[in-house]
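Asker: Predicted model and sequence follow; I will ask about them next.
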Amino acid sequence: MKIDFIKLKQKLDLYERLMRLDKPIGILLLAWPTLWALWISSAGQPNWLILWIFMLGTVLMRSAGCVINDYADRDFDPHVERTRNRPMAAGLVSKKEALVLFSALSICAFLMILRLNKLTIMLSFAALFLAASYPFTKRFFAIPQAYLGIAFGFGIPMAFAAQTGAVPTVAWLMLLANIFWAVAYDTEYAMVDRDDDLKIGIRTSAITFGQYDILVVLACYGMSLAILAGVGAALKLGLYYYLGLAVALGIATYHYSLIRGRDRDKCFKAFIHNNWFGAVIFGGILLHYWPATSLSLRAFF
């Protein structure tokens, strides 16, 4: 059988766009809270196999989430300026192709999880349900961004389960902090599409909060950092950790300067910039645990 490599490459390019591998911000927003949990749950000495499984799983599940999101929104995306050229919206990828790709990505992620303990495997079913159901919450839930926060933060309890075999209270507090963070950054994202979303009837936090959208974004940043500060106090984390939170507060303040005029491009810039919010928090965690992490690295290599 002769293979048309040009058409194959074109199709793979479409699948890459459908999985948003060309736009890694979603992977990063999913990865940072998972890394927070992997380091805190292991006191700075993560099992390196578990780390690689979670990082690869992050890429696979974010990609699967993008595919099922576009499948769910296939009738809405053509009417939104920012999404009308996505592969499914443009009719370049079929519904069957999308479902097969989502299933393949999910199965690959699950096969990796099978190397971990029973609790982590059980939690993975909840993670899959969250990822698959989130896109449909925009039909009926006034703040689907909160649901997204659970889905994007579920790597936290899974990381604790994989490292320790249990999910302590601190893990759920970190998940709560991630929910507030997700409401903040995804409201910034929703502010970009607010006019289009109003026309087509999709529910978002930007629409629900209305004129109070900016105030709620700032409050959610504040709640996220306050909860993480409480986690630090409970675990007796040191100065570096709180310096990371302080820098994150500065980043949130910068985001206010971007979104206060509700300019679409600046709101999108603020959303993208949340990568640094998650990164500096992880930086503080990493520096706090660096002596233990460096010993673990030397032992590994």
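Answerer: Arrived safely. Numbering: from 1, shown residues only.

Asker: going forward, measure contacts between C-alpha atoms and count neighbours the same way
Answerer: Fine.

Asker: how about the one helix or strand in the chain whose mean pLDDT sits lowest: buried residues?
Answerer: When each helix and strand of the chain is scored by mean pLDDT, DSSP states H and E, helix 194-200 comes last, with a mean of 77. Neighbour counts over helix 194-200 (16 or more other CA atoms under 10 Å) mark 194, 196-197 as buried.

Asker: who's in contact with stretch 73-83?
Answerer: Contacts to stretch 73-83, defined as CA atoms under 8 Å, 6 or more residues apart in numbering, come from residues 70, 84-86, 88-90, 135, 193, 196-197, 200.

Asker: Swap in 7 Å and give it another go.
Answerer: Outside stretch 73-83, the residues that touch it by CA atoms under 7 Å, 6 or more residues apart in numbering are 84, 88-89, 196, 200.

Asker: From the chain's centroid, how far away is it?
Answerer: A distance of 21 Å separates the centroid of the chain from that of stretch 73-83, by CA atoms, centre = their mean, to the nearest Å.

Asker: Kindly provide the whole-number mean pLDDT of that stretch.
Answerer: The average pLDDT within stretch 73-83 is 81.

Asker: List phi and psi for Ser42.
Answerer: Main-chain torsions, Ser42, degrees, to the nearest 10: phi -110, psi 10.

Asker: What residue, apart from its backbone neighbours, is nearest it spatially?
Answerer: Gln163 (6.4 Å; CA to CA, 6 or more residues apart in numbering).

Asker: which one is Met55 nearest to, not counting chain neighbours?
Answerer: Nearest one to Met55, counting by CA to CA, 6+ apart, is Ala31 at 6.8 Å.

Asker: what about that neighbour, neighbour count?
Answerer: Ala31: 25 surrounding residues under other CA atoms under 10 Å.

Asker: wait, it sits on Val59?
Answerer: No: Ala31 is not in contact with Val59 according to CA atoms under 7 Å; the separation is 8.4 Å.

Asker: any idea how far Tyr256 is from Asp263?
Answerer: Using CA to CA, to the nearest Å, one gets 12 Å for the distance from Tyr256 to Asp263.

Asker: other SSEs contacting the strand or helix carrying Val183?
Answerer: Using DSSP states H and E, Val183 maps to helix 169-192. Secondary-structure packing of helix 169-192 (3 or more CA pairs under 7 Å, 6 or more residues apart in numbering; DSSP states H and E): helix 144-153, helix 155-164, helix 205-209, helix 213-235, helix 264-288.

Asker: mean pLDDT for those: which is lowest?
Answerer: Among those, helix 205-209 scores lowest, at a mean of 86.

Asker: quick one: contacts of that one?
Answerer: 142-145, 187, 190-191, 194, 213.

Asker: and if we set it to 8 Å?
Answerer: So helix 205-209 is in contact with 142-145, 183, 187-188, 190-191, 194, 198, 213, 216, going by CA under 8 Å, 6+ apart.

Asker: closest to Lys96 among the residues you listed?
Answerer: Pro144 (25.9 Å; CA to CA).

Asker: Pull up the gap between that closest one and Val183, please.
Answerer: From Pro144 to Val183 the distance is 9 Å (CA to CA).

Asker: cool, Arg262 as well?
Answerer: With CA to CA as the criterion, Arg262 and Val183 are 16 Å apart.

Asker: the more surrounded of the two?
Answerer: Between Arg262 and Val183, counting by other CA under 10 Å, Val183 is the more crowded of the two (27 against 17).

Asker: ok, that one touching Gln145?
Answerer: Yes: in terms of CA atoms under 8 Å, Val183 counts as a neighbour of Gln145; the distance is 5.0 Å.

Asker: give me every residue that touches the closest residue to Asp186 other than its chain neighbours.
Answerer: Leaving aside its sequence neighbours, Asp186 sits nearest to Gln145 (CA to CA, 6+ apart; 6.1 Å). By CA under 8 Å, 6+ apart, the residues touching Gln145 are 182-183, 186-187, 204-205.
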